[in-house]
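Novice: Take this sequence and fold it.
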Amino acid sequence: MSTVVPTRAPGAPAATPRSIAGGHAGADRVFVVAMRATATTVLLITGGIGLFLAWQAVPTLRRYGFSFFTETQWEPDADVVGIGSVLVGTFSVALVALVVAFPLALATALYINEYAPARFSGMLVSLVDLMAAVPSIIYGLWGFFLMQPHASAVALWLHQHLGFLPFFRVHADPNAAVWEQSRYTASAFIAGLAVAMMVIPMACAVMRQVFSQAPLGEREAAYALGATKWGVIKSVVLPFGRGGIIGGTMLGLGRALGETIAVLLIISPAFVLKFRMLEIGTNTVSALIAGRFGEANGGQLSALLTAGFVLFVITLIINTLAAIVVARSRSGAGTDA
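Specialist: Next up is the predicted model:
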């Protein structure tokens, strides 16, 4: 039995495959156009800020070169400016904030998702989100007036028991009959504690969203095998949310690096290359800009804008890496970083 293949009749037009249109229509088209316009505007604004700062940084970088990043002093009248010490202070404050905020954000996210009763979880989410709405100056005042006396006592305890580590050394006698409390105030440690309270809501929100997407099937399989609540968290939720944990922590780090007014209210500005986080005196890039911008002119203004450009690049890199980590993780498909 032979198969007859139909052929096109002589003179008939050639057959063309049909195309299926998948475009948007009506309100969908308006929404898509509006979202694209919004995203483009945000990118243009961000790019414009970066280009402006980069352009303003050119004179400073031409004049001082690489020494701008290594010089610790900031004396415009003597034509000596650099951000070496403030970079160290910036990362010191951010490191303290991250060490404090990470376990608190992780524990809060796990409790809300896994342990809190349903009727209370919504209220807890609102309370944590409310922390992000509190102005940073309030955290600064809280840290200066309420937290600093108690935090200085904690700093003394750390100096007494961990003073053999360089980060916990203070130029004071920890076993003196009357301890010098002033040596333990206005430090990177106390500023970091205040910044940690501002980092927690951001990191917690990302972690909580990721944990809520843990596969229900894997949870039920773990329970079927006799796992406890903590066993399910350890074997299913935490491995699934690893990308969100890392991404949320890095986003919090970006937030901590750029905090300004709370740090400025607490610290005692000092231009010294200091790795001792418990001791009085430190400075950050953002606090430097806020404190010196009002009196700046000419070359000092360009130097401050150069410092802002450095902070902009550092924060952009950290936030971009955080978004990539979350997006490429197993849990990143439906997570906004």
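
Novice: Could you check stretch 304-314 and say which residues are buried?
Specialist: Applying a neighbour-count criterion of 16 or more other C-beta atoms under 10 Å, one finds 304-312, 314 buried in stretch 304-314. For glycine as for every other residue, the C-beta is placed from the backbone atoms N, C-alpha and C.

Novice: which residues are contacting that stretch?
Specialist: Identification of contacts with stretch 304-314 by C-beta atoms under 8 Å, 6 or more residues apart in numbering yields 49-50, 53-54, 56-57, 60-61, 68-69, 83, 86-87, 90, 257-258, 285-286, 288-289, 292-293, 296.

Novice: Break down the stretch 51-200 of the chain into its helices, ranges please.
Specialist: Along the stretch 51-200 of the chain, counting by DSSP state H, counting those that start in this stretch, helices occupy 67-70, 84-110, 118-133, 136-142, 148-162, 188-211.

Novice: Out of these, which gets nearest to Ala34?
Specialist: Checking the helices of the stretch 51-200 of the chain against Ala34 by C-beta to C-beta gives helix 188-211 as the closest, at 24.5 Å.

Novice: just checking, what packs against that closest one?
Specialist: Where contact means 3 or more C-beta pairs under 8 Å, 6 or more residues apart in numbering; DSSP states H and E, helix 188-211 is packed against helix 84-110, helix 118-133, helix 136-142, helix 148-162, helix 242-257, helix 261-266.

Novice: Need the contact partners of the third one.
Specialist: Residues external to helix 136-142 that are found in contact with it (C-beta under 8 Å, 6+ apart): 194-195, 197-198, 259-266.

Novice: and the two most separated of the residues you listed?
Specialist: Greatest spacing in these, by C-beta to C-beta: Met197 and Leu264 (16.0 Å).

Novice: returning to that earlier point: tabulate the helices of the stretch 51-200 of the chain in a markdown table, adding columns for mean pLDDT, mean neighbour count and distance to Ala270.
Specialist: Compiled in a markdown table, the helices of the stretch 51-200 of the chain are given as follows (pLDDT from 0 to 100; neighbours: other C-beta atoms under 10 Å; distance: least, C-beta to C-beta, whole Å):
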| stretch | mean pLDDT | mean neighbour count | distance to Ala270 |
| --- | --- | --- | --- |
| helix 67-70 | 92 | 15 | 17 |
| helix 84-110 | 95 | 22 | 8 |
| helix 118-133 | 90 | 12 | 30 |
| helix 136-142 | 94 | 18 | 18 |
| helix 148-162 | 91 | 17 | 16 |
| helix 188-211 | 93 | 26 | 10 |
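
Novice: Tabulate the ones you listed in a markdown table, adding columns for distance to Thr38.
Specialist: Below are these laid out as a markdown table (distance: least, C-beta to C-beta, whole Å):
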| stretch | distance to Thr38 |
| --- | --- |
| helix 67-70 | 36 |
| helix 84-110 | 29 |
| helix 118-133 | 22 |
| helix 136-142 | 26 |
| helix 148-162 | 42 |
| helix 188-211 | 21 |
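
Novice: Of those, which is nearest Asp77?
Specialist: When the helices of the stretch 51-200 of the chain are compared by C-beta to C-beta, helix 67-70 sits nearest Asp77, at 16.8 Å.

Novice: Appreciated, that's everything.
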